[in-house]
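>>> for reference, the sequence and a predicted model appear below.
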Amino acid sequence: MGIQRWQLRNVEPQIVEEAEPVAEVVESVIEASAPAVKRADVVSPVETNNDSEWWSLSDEVVACRQCELHQNRTQTVFGVGNQRADWLIIGEAPGADEDREGEPFVGRAGKLLTQMILALGYEREDVYIANILKCRPPNNRDPLPDEVRSCESYLKRQIALIQPKIIVAVGRVAAQNLLKTDAKIGEMRGRTYHYGESETPVVVTYHPAYLLRSPGEKAKSWQDLRMAKRVFLEA
Ligand code: URA
């Protein structure tokens, strides 16, 4: 019927012609399996030549008091995953669950993000996940420009250390701040941007929290991820 579903495999995403609406399939996958987010160490134990740089960066983040957000945080949320990942996923900022656990995307939206990663053909541990902000904004409000500025160098340094082959920005806030644009997310989807001197390709998709509120948009997000996979394979 021309409808595609997300099928969880360890290889390439499988596109299957399928009669069930994609939103229902994804929803049922999430509800049936709802895996506890499988945890990787906050700074992964993978040995790299850059261990000391990772440790000093993570020490700086832990001690950061550059903006007001340090006052109400339980802890900073540095980032998680494979320090040599090909795929870097960037979200907005920690929420309550992440502030409590010290790891990005561990709440409901995190479970959906993990499913999206699986649908791409990877385990959560294969990719690196970080946010624009390392501290939770009160009541999950949007990051303020000075908070983004204060945090920016941390993410830039993470990107320089990881040297990902592709970046997926999830949600408007991540995309706008990473790409320095005011464009709406609907305008940013479906195009490939390039980040920094490395010109790392960036693909934009919806934030998983938005997809939980608007499950009808999941098919579009899957289109974005398939596009990202194509860009990655062609790079
Ligand atoms: N939303 C985000 O953008 N990042 C997280 O880590 C959690 C929820």
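Done, it's in.
>>> how about the residues of the protein that lie near the ligand?
91, 92, 93, 94, 95, 98, 104, 105, 109, 131, 209 (C-beta under 6 Å from any ligand atom). Where C-beta positions appear, they are placed from N, C-alpha and C, glycine not excepted.
>>> bridging residues for the residue in the chain that the ligand sits nearest to?
Nearest residue of the chain to the ligand: residue 91, at 2.9 Å (C-beta to the nearest ligand atom). Beta-bridge partners recorded for residue 91 (DSSP bridges): residue 131.
>>> that one and residue 128 touch, don't they?
No: using C-beta atoms under 8 Å, residue 91 makes no contact with residue 128, being 11.7 Å away.
>>> middle-most residue in this protein, spatially?
residue 89 (3.1 Å; C-alpha atoms, centre = their mean).
>>> so it, which state does it fall into?
strand (DSSP: H, G, I helix; E, B strand; the rest coil).
>>> my guess is it meets residue 170, correct?
Yes: counting by C-beta under 8 Å, residue 89 touches residue 170, with 6.3 Å between them.
>>> need the residues touching each of those two.
residue 113 (C-beta atoms under 8 Å, 6 or more residues apart in numbering).
>>> what's the pLDDT at the residue of the chain closest to the ligand?
On the pLDDT scale, residue 91 is placed at 98.
>>> and for residue 50?
The predicted local confidence for residue 50 is 88.
>>> let me see the contact set for it.
Going by C-beta under 8 Å, 6+ apart, the list of residues near residue 50 reads 83, 161.
>>> ok, residue 235 next?
Residue 235 neighbours (C-beta under 8 Å, 6+ apart): 165, 166, 201.
>>> how close does it get to residue 198?
From residue 235 across to residue 198, the span is 11 Å (C-beta to C-beta, to the nearest Å).
>>> cool, and residue 104?
Residue 104 is 22 Å from residue 198, by C-beta to C-beta.
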